[in-house]
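>>> model this:
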Amino acid sequence: MAQGAAKLNKNKPDKSKRQQAPKVSKVDICIKKKKKESRSDLAKSGAIAQARKLSIRTETNLAAKAQVEGGVQLGVVRPNAQTLAKVKGRSAVGLAAAKK
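Model (predicted):
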């Protein structure tokens, strides 16, 4: 009988290999950065989360201001209705006109 020619044990499960984590794109550095930041002492104190909230709020405020004053519809950063209403109530000139 020829050895290996006929698969006699094809229903037998294969030997398991070492489990490998799914490959993540090396280009995607945002995940690596967030993972690294979450391990630090600043993350444990909540400083990183607070900074992230502040940056997102600043982006939405600027987007709302551009949308109201410039009449530009933005696709990436979309301000919500509350932010738009807040910006519409302000003067286009700034604080100097509001004080008078």
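>>> Every contact and neighbour count from this point should use C-alpha atoms.
Noted.
>>> Now the residue nearest the centre of the chain: phi and psi?
The chain has residue 30 as the residue nearest its centroid, 7.7 Å off, counting by Cα atoms, centre = their mean. Dihedral angles phi and psi of residue 30 (degrees, to the nearest 10) take the values phi -70, psi -40.
>>> For the strand or helix carrying residue 67, give me every contacting residue.
Taking DSSP states H and E as the criterion, residue 67 maps to helix 47-70. Surrounding helix 47-70, the residues in contact under the criterion Cα atoms under 8 Å, 6 or more residues apart in numbering are 37, 42-43, 72-74, 77-80, 83-84, 87-88, 92.
>>> can you map out the strands along this structure?
Along the chain, counting by DSSP state E, no stretch forms strands.
>>> Okay, now the unreliable bits of this protein?
1-5, 91-100 (pLDDT under 70).
>>> which stretches of it form helices?
For the chain, applying DSSP state H gives helices covering 29-39, 41-45, 47-70, 81-89, 95-99.
>>> Residue 16: which of the ones you listed is closest?
helix 29-39 (29.4 Å; Cα to Cα).
>>> what does the closest one rub up against?
Helix 29-39 is contacted from outside by 43, 44, 48, using Cα under 8 Å, 6+ apart.
>>> go with 10 Å
Outside helix 29-39, the residues within contact range by Cα atoms under 10 Å, 6 or more residues apart in numbering are 24, 25, 26, 43, 44, 46, 48, 49.
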